[in-house]
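Peer 1: could you look at this predicted model? Sequence included:
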Amino acid sequence: MGFVLAFVWVGLTVGLPSFFWLPIVALAVLSFVNDLRSISAGTRLIAQFAAAFFVLGSAWWTGLVSWPVLALFPALFFVVGTTNCYNFMDGINGLAGITGLIAFASLLIFGGTAVSLPDFSYPIMAVIGAILAFLPFNLPRARLFMGDVGSIFLGFLFAVIVCLQARSWADFLVFASFLFPFYADEAVTVVERLWRGESLLAPHRRHLYQFLANERGIAHWKVSVAYGLIQILVVLLVVIGRRNGIGHVICVDVVAFVLWAWAHYSLKRRYFLKQQGFQ
């Protein structure tokens, strides 16, 4: 809840519109209740779509963004998808915290602000400060967990800021790439599960970070730091690529994704072949 309180306190101080922070707070409260007492996935999904529609729809209605109205619908799916992706990736010590720290710092440094929008700089700084305060209690040994209230909040906030601050498709791709390891791990894992014929709704441990921490026995902090280093590399590459046009950004993302998929497949294949005595 510290992330949420820091964000709202600073947001109110700098005069952030209520249509921006109020749905985020409502979603955080629902996620907190879910941490204490399970709420059905359908209810949570409806609440996420409603919160995303309220924030993005209000920004469009008040003229703070200049998208065509049809862009609102894919934006809703992007926000809800990112929210749940972040939640799914919060599975080992430090991973969600380090990734959030780098993603929001990247938005702060490279995101810029459209003239028509409120200044998100101070609320983002507040979130970064809250993550920095949280990490010593979560890494290397977890004495405090982020929970749904933290991971849902960070994923939702990141995706909303990406949508609002992007002034072009190139901006959108660059900003979204700041969370590259989470998107790549989730996408490759979904493909693997579909290939294995598994239900996407069933619990699983197919993510690469889960494999490295559980099957390979690598310390959580090492996996989390490795994800963070890859994230920083992708951030720098897409920012540099942006100077040469959207084509270079797409190339960086495609190459990085292919390498991620290759590593996912190779590491698991080598491990299971060794388990079966073929190596």
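Peer 2: Arrived safely. Numbering: from 1, shown residues only.
Peer 1: for this structure, what spans make up the helices?
Peer 2: Assigned by DSSP state H, the chain shows helices spanning 2-13, 18-36, 41-61, 72-89, 95-110, 121-138, 147-165, 169-177, 180-195, 208-210, 220-242, 246-275.
Peer 1: as TSV, those with distance to residue 202 and mean pLDDT would be great.
Peer 2: (C-beta placed from N, C-alpha, C; glycine too.) Shown next, in TSV, are these (distance: least, Cβ to Cβ, whole Å; pLDDT from 0 to 100):
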stretch	distance to residue 202	mean pLDDT
helix 2-13	29	85
helix 18-36	19	88
helix 41-61	12	92
helix 72-89	13	94
helix 95-110	22	94
helix 121-138	27	91
helix 147-165	19	92
helix 169-177	27	93
helix 180-195	9	95
helix 208-210	15	94
helix 220-242	24	95
helix 246-275	19	92
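Peer 1: nearest to residue 201, out of those?
Peer 2: Each of the helices of the chain has some distance to residue 201 by Cβ to Cβ; the shortest is helix 41-61, at 7.9 Å.
Peer 1: report the buried residues of that closest one.
Peer 2: For helix 41-61, a neighbour-count test (16 or more other Cβ atoms under 10 Å) marks 44, 47-48, 51-56, 58-60 as buried.
Peer 1: tabulate these (TSV), appending distance to residue 146.
Peer 2: Shown next, in TSV, are the buried residues of helix 41-61 (distance: Cβ to Cβ, whole Å):
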residue	distance to residue 146
44	16
47	19
48	17
51	19
52	21
53	25
54	24
55	22
56	25
58	27
59	27
60	31
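Peer 1: looking at these, which is nearest residue 191?
Peer 2: For the buried residues of helix 41-61, the nearest to residue 191 is residue 48 (23.5 Å; Cβ to Cβ).
Peer 1: looks like the closest one contacts residue 78 (just checking).
Peer 2: No - when contacts are counted by Cβ atoms under 8 Å, residue 48 is not listed as touching residue 78 (11.8 Å).
Peer 1: I'm done for today, thanks for sticking with me.
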